[in-house]
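S.K.: Quick one, fold the following:
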Amino acid sequence: MTLTAKDEKFMRIAIEKAEKAMEKGNEPFGAILVKDDEIVSSCEN
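M.R.: Numbers count the residues shown, from 1 in each chain. Just a heads-up that it's a prediction; the model follows:
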């Protein structure tokens, strides 16, 4: 399975969320939910 540019874009967003969580002193967890190439939900912990 190969990653597309879209996949990489969405993974970068999730990583940014995880980094923001770490800056706040939380565990490094970030997630996004994508449907039809559109983010429908995102969160960090």
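
S.K.: rest of the way, CA atoms for contacts and neighbours
M.R.: OK.

S.K.: distance of Asp36 from Lys20?
M.R.: 26 Å (Cα to Cα, to the nearest Å).

S.K.: Looking at these two now, which is surrounded by more residues?
M.R.: Higher neighbour count among Asp36 and Lys20: Lys20, with 18 against 6, using other Cα atoms under 10 Å.

S.K.: From Ala31, how far out is that one?
M.R.: In terms of Cα to Cα, Lys20 sits 12 Å off from Ala31.

S.K.: Between those two, which contacts overlap?
M.R.: Common neighbours of Lys20 and Ala31, counting by Cα atoms under 8 Å, 6 or more residues apart in numbering, are Glu44.

S.K.: The residue nearest in space to the middle of the chain sits in which helix or strand?
M.R.: The residue lying closest to the centre of the chain (Cα atoms, centre = their mean) is Ala14, at 1.2 Å. Element membership for Ala14 (DSSP states H and E) is helix 5-23.

S.K.: packing partners for that helix?
M.R.: strand 30-35, strand 38-44 (3 or more Cα pairs under 8 Å, 6 or more residues apart in numbering; DSSP states H and E).

S.K.: same question for it, mean pLDDT?
M.R.: Helix 5-23 shows a mean pLDDT of 95.

S.K.: contacting residues for the residue nearest to the centre of the chain?
M.R.: Gly30, Ala31, Ile32, Ser42.

S.K.: Wait, the last one touches Phe29, no?
M.R.: Looking back up the chat, that one is Ser42. No. Counting by Cα atoms under 8 Å, Phe29 is not a contact partner of Ser42; they are 11.0 Å apart.

S.K.: Neighbour count for these two, which is higher?
M.R.: For Ser42 versus Phe29, the count of surrounding residues by other Cα under 10 Å is larger for Phe29: 17 against 13.

S.K.: if I pick the more buried one, what's in contact with it?
M.R.: Counting by Cα under 8 Å, 6+ apart, Phe29 has contacts Lys17, Ala18, Glu19, Ala21, Glu44, Asn45.

S.K.: picking that back up, winner for burial among the helices and strands packed on helix 5-23?
M.R.: Greatest average neighbour count among the helices and strands packed on helix 5-23 goes to strand 30-35 (a mean of 15), per mean count of other Cα atoms under 10 Å.
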